[in-house]
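1. Next comes the sequence, and after it the predicted model I'd like to discuss.
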Amino acid sequence: MSSIRIPLKVESLIGSPKPVLYTTIHIPQFHVFKPLKMFVDTGSSWTMISPKDTLLLQIPISKIRERKTSYGVGGAPVIGYAIKNAVFAFRNEERKLVYKVASLIYASQTEKRDREIMERVLTFPSILGVEFLMEHKYKLVFDPFNSIAYLEESVL
């Protein structure tokens, strides 16, 4: 059995070291093809494009009908707009491009509340959640002390 590793960066996000994937996202139905920085979060079920990145990527959320509401940091309601079949491109440890289709991700928008919560939410990164890891049979290896992080895909 061999495995394919996807190197991650270890960066300080939200006050502590986190595993980060630098990727390019392609959302064909909205003609989006741009770089995206994503925090790999095993505490999040879903892959979610942050409110800030939703704006930067110019995702037309008004055209998306399927929605899900969750509650983020500080109790701020976050509306996730369902996007199907987004393509992520990143490099493996051999520097070869890898393409993975996510059957479902969410572009998020925070309901406007007080200014302090809005400003804080706009600093949060996009999240690569457990659903993506399971869909593509990745495990996360994360050693924050030694700044080592990677995704590993087992291949039979």
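-> In hand now; what should we look at?

2. worst-scoring helix or strand of the protein, pLDDT-wise?
-> For the chain, counting by mean pLDDT, DSSP states H and E, helix 115-121 ranks last in confidence among helices and strands (a mean of 65).

3. contact partners of the next helix or strand after that helix?
-> Counting by DSSP states H and E, the next helix or strand C-terminal to helix 115-121 is strand 126-128. The contact list for strand 126-128 (CB atoms under 8 Å, 6 or more residues apart in numbering) reads 21, 36-41, 44, 46-50, 53. Every residue, glycine included, has its C-beta placed from N, CA and C.

4. swap the cut-off to 6 Å and go again
-> Residues outside strand 126-128 that contact it (CB atoms under 6 Å, 6 or more residues apart in numbering): 21, 36, 38-41, 44, 47-50, 53.

5. go on, stretch 9-23?
-> 8, 36-40, 88, 90, 125, 128, 142, 144, 147, 149.

6. buried ones in it?
-> Going by neighbour count (16 or more other CB atoms under 10 Å), the buried part of stretch 9-23 is 10, 13, 18-21, 23.

7. what about it, distance to the chain center?
-> 12 Å (CA atoms, centre = their mean, to the nearest Å).

8. And stretch 99-114, by the same measure?
-> 8 Å.

9. what's that stretch in contact with?
-> Counting by CB under 6 Å, 6+ apart, 46-49, 51, 54, 59, 61, 76-81, 83-89, 121, 132, 136 sit against stretch 99-114.

10. Which parts of the chain are helices?
-> Here the chain has its helices, by DSSP state H, at 51-56, 115-121, 130-135.

11. buried ones in the first one?
-> Neighbour-count burial for helix 51-56, counted by 16+ other CB under 10 Å, picks out 51-54.

12. Which of these sits closest to residue 30?
-> For these, the residue nearest residue 30 by CB to CB is residue 54; the value is 10.8 Å.
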